[in-house]
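K.L.:
sequence? don't have it. structure:
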């Protein structure tokens with residue numbers, strides 16, 4: 001990886017990295033939803049609300065399982081192979097550090113001359 005973030009060589013594997021990131025975020029949100037629904041279930045007194053929350057809880061658990069299985073099948077998540085998961089976590093951390101060091105916001109942000117006409121006066 002060179003320091004030129006516009007160089008196309010730096011975009012290799014970016015779609016897959018994005019997919020893994022989105023999937024992990026979705027998995028964490030599903031887990032958070034299950035936890036929140038479980039808390040709400042313990043706090044509710046209405047039988048109708050409890051029935052609704054139980055249904056949502058089961059759907060949330062099923063969704064979490066589906067996301068987990070997808071990630072395992074695509075080799076984006078290794079819950080039973082800690083050494084493999086560690087390698088993925090290290091790769092993610094290194095990519096994060098690399099992106100953090102890029103000059104994504106250069107000092108010169110003047111866009112004058114980039115447009116074919118001046119803005120309409122309103």
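P.N.:
Everything's here; your move. In this text, all values refer to a predicted model and were calculated from it rather than measured experimentally.
K.L.:
Pull out the buried residues from the longest helix along the chain.
P.N.:
Taking DSSP state H as the criterion, the chain has its longest helix at helix 14-43. Applying a neighbour-count criterion of 16 or more other Cβ atoms under 10 Å, the buried positions in helix 14-43 are 17, 20, 23-24, 27, 30-31, 33-34, 37, 41. Just so you know, the C-beta spots here come from the backbone N, C-alpha and C atoms, and that holds for glycine as well.
K.L.:
and if you look at stretch 76-84?
P.N.:
76-78.
K.L.:
Relative to residue 67, which of the residues you listed is nearest.
P.N.:
residue 77 (9.0 Å; Cβ to Cβ).
K.L.:
next one: phi and psi at the closest one?
P.N.:
phi -150, psi 130 (degrees, to the nearest 10).
K.L.:
What of the one 4 residues further on?
P.N.:
In terms of degrees, to the nearest 10, the main-chain angles of residue 81 are phi -130, psi 80.
K.L.:
Let me know the closest of the buried residues of helix 14-43 to residue 57.
P.N.:
Using Cβ to Cβ, those come closest to residue 57 at residue 37, 4.7 Å.
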